[in-house]
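Student: I would like to see how this sequence folds:
(2 chains)
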Amino acid sequence: MGDFALLSFMIFAPALGALLLLWVRKITASNATSIEEESRVAFLVGLVVSAATFVLSIIALAYFQPGVEGFQLVEDVSWFGGTLNEAGEVVGGIRYKMGVDGMSILLVLLTTFLTPLCFLASWGSVKHRVTEYVAAFLFLETLMLGVFCSLDLMLFYVFFEAGLIPMFIIIGIWGGAERVYASFKFFLYTLLGSLFMLLAVIAMYLQAGTSDIVELQTVIPQIFAVEDGKFGVQHLLWLAFFASFAVKLPMWPVHTWLPDAHVQAPTAGSVILAGVLLKMGGYGFLRFSLPMFPEASVYFQPMVFAMSVIAIVYASLVAFRQTDMKKLIAYSSVAHMGFVTLGIFSFTEIGIQGAIFQMISHGVISGALFLIVGVIYDRMHTREIKFYGGLVTKMPVYAAIFMLFTMANVGLPGTSGFVGEILTMAGSFQASTWAATGAALGVIFSAVYMLTLYRQTVFGVMTNEKLEGIKDINRTEAIVFAPLIIATIVLGVFPAIIFDITELSVAPIMAAVSGLIG
Amino acid sequence: MNWDEIFAAATPELYLAFAGLVAVVLGAVLRERFATVSIKAGALILLGACALSLFNIEGGVAFNGLWETDRFTNLAKAVCYFCAGVALLIAEPYLVKERLIRYEYALLVIFASLGMGITLSANDLMTLYLGIETLSLSSYVLAAFNRDSQRSSEAGLKYFVLGALASGLILYGASLVYGFSGSTNYDAIAQAEFGIGLVFGLVLLITGLAFKVSAAPLHVWTPDVYEGAPTPVVAFFASAPKLASMVVFATILFEAFGNAIDQWQDVILIISGASMLIGAFGALRQTNLKRLFAYSSIGNMGYALIALAAGEEIGGPALLVYMVIYALSQLGIFGVLLSMRRRGGMVEDISELSGLSSTMPWLAVCMTALVFSVAGIPPLGGFFGKLVVFQAGVEAGLWPIVIIGVIASVVSLGYYLRIIMIMWGGDKLAPFENMSGTVGITVSAATILAFPVFTVVIGWMMSLAGGSFSLG
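Tutor: Below you'll find the model as predicted:
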């Protein structure tokens, strides 16, 4: 690829698109165009830009060599701080460094894959301030891509926290009735967590003199070495990072912002929230917590296991009692992210591979489920489960798609949900039988609440008169679901395509922790 | 008298004093005819002083050690003069519309800036006091500039009475320090043996200076003066004098009492923590934007004080970087407040911003960026200010205050987010009257500076400010 900054180009393409859009808006505003025309232009621009970004990420994938260890497509420029060496180059300091490995390129793909679908899905359902809506999503995409590609800790932090701004605006403006409360809760929860991480980042930067992630992964375990398994600085740093990632993931008991945010967010907002933003937590654990604080990670393993199992079981039970469809799926997300942490902290290769797989798979499945809820919400403007019933008679195609994703969420073999769950459970079984047992219980519960939801909304007799006129999914919606269906089934049948890519990026993580488990 | 020395060290102030006096004469002779051009002339004079400070950035010592400038103070001075000049420019449309256009306004700002220059250059308690009084007396009059308004007069009087008390405290502290150290010169004070008498002097000095930077518990005047004083005056107060006072605060503690850091560090830490918390919680229930930003400034002074408490080598450059970012973004924010004008009058309530994003999208985007910047959210400039301050605190091992800072940051987001939500989510109100060109340019420029453009400059500023700061 030479010196061409492919990753930077891909990362900032959506932001440039957003600026372009705001500029176009300024021109058209003077021509007094109608709202319909404005929204069509906005969505078209959004769709084209995000599709182009997807193509760029595919090109990045093509240049990515799964057989090569370490980070690829690296760009490295000094940003600020650091000292000059004899050759006149800046060493250390905070750098603008981008690069991908197997794990991050997959999350990049997930992001660029979901964003165009979001625009398609909101076409028609979002009717006011469309230009701003599209621009906010494009900015958000840039920030999400930046998070996954950053190879500098400070740069990572900037992208990580900056992502709060567009999401806050998306929930706060285009959300439901309680949107202001939900957006504040989302912002303040995540901010508190990430500010503690910032302090840890500063402490690490001061000690190591660099915030280069690759260098930190080797020097941090030495600088903050743990003596005789005693509680030390490394543990505090681990806790600071944990505070941020646990809120983001979210783990029990700091998950309470998630149901509120999901219920109030517009459909596309929920898709991005569940599909990509939650994955930043899991990504953070794998990129920072395990390689940089291996002893502390092992030390806190029982706590994480306990929290994960509680999340899986508790969230599943809570999901069962929900009357709002989106809230149910939100709690189901909490439960499924419990599998991710379980897999990561099993410190086994199979568990970590499974966790990455589960993140990708959950991104697709939960995104699809929120879109499914969005379809009937757009028609009836309610998400109450009781309101619906017997949809299969009027919406057979919809019922079939819903069935597929219900099964995928439950973890039926042949869908991607199955692979993620079985691998993370297998990994955690090696680490703790009890945790695996608890997780298995969660799988059963997930079948209970998902099938109940499906039965109550799709099957049965249509008693509600208002549903008489409901129409099956239209062509746009079909186009949205098609790639999601393909992804779910392909990943379920050929999971190896993921493992081939992630294999070499899991190896260094395993090397950091494997020596420490007895 | 060694004129070379004096010109090396004090050119900007000499020029400013001379230009100010010429302007006084011009004003007295030409009266109304001068009033109309006074603002632009004043801004030009101040920008000239800014250029002079940057041109002669190395500085020097003059007047037998009463006066000392270096890169650190010259950088602070340049930013102060720049902010004062811009604050003057954005005041003009307001003054014209409110029929307050009098040549004294520009003169007062020039002399206040001269006071800032003197305090920043001070290497002696006498010079310091001279500068503080020049700054303060001009400020009192500025606060009461709208003399037909009861609120403005009240604000001026309040500011005067409380400010005079603070000046008295500084003077008393200075006399105690003189009595126990035998000198008023910073370098000589630093050499003197540190005893109980000096502690008393030091505490009184800190108290007086804490008042000037509006740090808790001496912050109470701030919301009242911000609310009562004319908005362009507040734009001036919030930027340049805050920066100058904070840097002076740092200079005197670092230069004169640098060896006694264990004596004053705890005091600064307590002031800092209290300011951050009072700033964060106090603003939560404010509905007047000027009062709200008064509390916000109290909180922000608390963050700057973390850098101060970290000591000279670690905290000095961080303090300057933080304050510069802060001062510039304040100009932007008050530029937005200055453009809030409906039916011939200023509006100041937070609810007046409702629906700004649909009526005046660009203004809303600017305000959003500026507010997030002051709140310290990346990728905006304010984040990098907070970053260097927290970094200084962590490096000095001041963990408790840094954690208080984190908590205060989250709490303060409560009101910053409210402003943003009202602008973007509220019902549409009638648009504000057209804002003038200078205000628009200032707001836009401050916004662009708030974006990561600023990070390019940070490294340069850090090295510039850090390279010259050494223990006396």
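Student: can you pull the contacts of the residue in the stretch 201-350 of chain B that chain A sits nearest to?
Tutor: The minimum distance from the stretch 201-350 of chain B to chain A, using Cβ to the nearest Cβ, falls at B:Ile314 (9.9 Å). Glycine gets a C-beta too; all of them are placed from N, C-alpha and C. Contacts of B:Ile314 were listed using Cβ atoms under 8 Å, 6 or more residues apart in numbering or on different chains, and they are B:392, B:395-396.
Student: so it is in which element?
Tutor: Remark: B:Ile314 resides in helix B:312-338, with elements defined by DSSP states H and E.
Student: next one: that helix to chain centre, how far?
Tutor: Centre-to-centre, helix B:312-338 and its host chain are 8 Å apart (Cα atoms, centre = their mean, to the nearest Å).
Student: same check on stretch A:475-491?
Tutor: In terms of Cα atoms, centre = their mean, the gap separating the centre of stretch A:475-491 from the centre of its chain is 18 Å.
Student: pull out the buried positions in that stretch.
Tutor: Of the residues in stretch A:475-491, those with enough neighbours to count as buried (16 or more other Cβ atoms under 10 Å in any protein chain shown) are A:477, A:480-481, A:483-485, A:487-488, A:491.
Student: who are the contact partners of B:Ser272?
Tutor: Contacts were defined as Cβ under 8 Å, 6+ apart; by that measure B:Ser272 touches B:215, B:302-303, B:305-306, B:308-309, B:401.
Student: state the distance from it to B:Ile441.
Tutor: Taken as Cβ to Cβ, to the nearest Å, the spacing of B:Ser272 relative to B:Ile441 amounts to 35 Å.
Student: need the residues of chain A near chain B, please.
Tutor: A:79-81, A:93, A:129, A:132, A:154, A:157-159, A:161-162, A:164-165, A:168-169, A:172-173, A:179-180, A:183-184, A:187-188, A:191-192, A:195-196, A:198-199, A:202-203, A:205-206 (Cβ under 8 Å from any Cβ of the partner chain).
Student: can you pull the contacts of whichever residue of the stretch 201-350 of chain A sits closest to chain B?
Tutor: Chain B sits closest to A:Ile202 of the stretch 201-350 of chain A, with a gap of 4.8 Å, by Cβ to the nearest Cβ. With contacts defined as Cβ under 8 Å, 6+ apart, A:Ile202 is in contact with B:387, B:390-391, B:394.
Student: what's the neighbour count on the residue lying closest to B:Ser354 once chain neighbours are set aside?
Tutor: Ranked by Cβ to Cβ, 6 or more residues apart in numbering or on different chains and with sequence neighbours excluded, the top spatial neighbour of B:Ser354 is B:Gly426, at 3.2 Å. A total of 17 residues lie near B:Gly426 under the criterion other Cβ atoms under 10 Å in any protein chain shown.
Student: the contacts of A:Ile202 also near chain A: which ones?
Tutor: With Cβ under 8 Å from any Cβ as the criterion, these include B:387, B:390-391, B:394 near chain A.
Student: these, buried ones only, as a ChimeraX selection?
Tutor: Of the ones next to chain A among the contacts of A:Ile202, the buried ones can be selected in ChimeraX as follows, counting by 16+ other Cβ under 10 Å:
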select /B:387,390,391,394
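Student: tell me which element A:Pro278 is part of?
Tutor: I think there's a mix-up here, since residue A:278 is Leu and not Pro. Using DSSP H and E, the secondary-structure element containing A:Leu278 is helix A:278-284.
Student: moving C-terminal of that helix, what's the next helix or strand?
Tutor: helix A:290-292.
Student: contacting residues around the helix or strand following that next one?
Tutor: Next along the chain after helix A:290-292, taking DSSP H and E as the criterion, comes helix A:294-299. Counting contacts by Cβ under 8 Å, 6+ apart, the residues outside helix A:294-299 that touch it are A:221, A:225-226, A:229, A:231, A:234-235, A:237-239, A:289-290, A:345, A:347, A:512-513, A:516-517.
Student: still on that earlier bit, could you check how far the residue of the stretch 201-350 of chain A closest to chain B is from A:Ala243?
Tutor: A:Ile202 sits 15 Å away from A:Ala243, going by Cβ to Cβ.
Student: one step back: so of the residues of chain A next to chain B, which ones are in strands?
Tutor: When DSSP state E defines the strands, the subset of the residues of chain A next to chain B inside them is A:79-80.
Student: buried ones among the residues of chain A next to chain B?
Tutor: When the residues of chain A next to chain B are checked against 16+ other Cβ under 10 Å, the ones flagged as buried are A:79-81, A:93, A:129, A:132, A:154, A:157-159, A:161-162, A:164-165, A:168-169, A:172-173, A:179-180, A:183-184, A:187-188, A:191-192, A:195-196, A:198-199, A:202-203, A:205.
Student: with adjacent residues omitted, what lies nearest to B:Gly27?
Tutor: The nearest residue in space to B:Gly27 (Cβ to Cβ, 6+ apart) is B:Tyr103, at 4.0 Å.
Student: how about that neighbour, what does it touch?
Tutor: Counting by Cβ under 8 Å, 6+ apart, B:Tyr103 has contacts B:23, B:26-27, B:31, B:34-35, B:38.
Student: for the nearest residue to B:Ile325 once chain neighbours are set aside, what are its contacts?
Tutor: Taking Cβ to Cβ, 6+ apart, and ignoring the residues beside it in sequence, B:Ile325 has B:Gly385 as its nearest neighbour in space, at 4.0 Å. Contact partners of B:Gly385, counting by Cβ under 8 Å, 6+ apart, are B:303, B:321-322, B:325-326, B:376.
Student: what are the phi and psi values at B:Gly385?
Tutor: In terms of degrees, to the nearest 10, the main-chain angles of B:Gly385 are phi -60, psi -50.
Student: coming back round to it: buried set for the helix holding B:Ile314?
Tutor: Taking 16+ other Cβ under 10 Å as the neighbour-count basis, helix B:312-338 is seen to contain the buried residues B:312-338.
Student: ok, stretch A:499-511 next?
Tutor: Quick answer for stretch A:499-511 (16+ other Cβ under 10 Å): A:499, A:501-502, A:504-506, A:508-510.
Student: so what touches it?
Tutor: Defining contact as Cβ under 8 Å, 6+ apart, one finds that stretch A:499-511 is touched by A:64, A:66-69, A:101-106, A:217, A:286, A:290-291, A:347, A:349, A:352-353, A:356-357.
Student: now list the buried members of these.
Tutor: By the neighbour-count criterion of 16+ other Cβ under 10 Å, the contacts of stretch A:499-511 include these buried positions: A:64, A:66, A:101-106, A:217, A:286, A:290-291, A:347, A:349, A:352-353, A:356-357.
Student: so of those, which ones are in helices?
Tutor: Those of the buried ones among the contacts of stretch A:499-511 mapping onto helices are A:102-106, A:217, A:290-291, A:349, A:352-353, A:356-357, per DSSP state H.
Student: turn those residues into TSV, columns for pLDDT.
Tutor: Putting those into TSV (pLDDT from 0 to 100) gives the following:
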residue	pLDDT
A:Gly102	86
A:Met103	89
A:Ser104	90
A:Ile105	90
A:Leu106	91
A:Gln217	85
A:Leu290	88
A:Pro291	88
A:Glu349	87
A:Ile352	90
A:Gln353	91
A:Ile356	92
A:Phe357	92
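Student: what are the buried residues along stretch B:428-437?
Tutor: Neighbour-count burial for stretch B:428-437 flags B:429, B:432, B:435-436 (criterion: 16+ other Cβ under 10 Å).
Student: tabulate those (CSV), appending distance to chain A, pLDDT and secondary structure.
Tutor: Shown next, in CSV, are these (distance: Cβ to the nearest Cβ, whole Å; pLDDT from 0 to 100; DSSP: H, G, I helix; E, B strand; the rest coil):
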residue, distance to chain A, pLDDT, secondary structure
B:Leu429, 16, 80, coil
B:Phe432, 18, 79, coil
B:Met435, 17, 70, coil
B:Ser436, 21, 72, coil
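Student: just give me the residue right at the centre of chain B.
Tutor: Among the residues of chain B, B:Lys242 comes closest to the average C-alpha position under Cα atoms, centre = their mean, at 1.9 Å.
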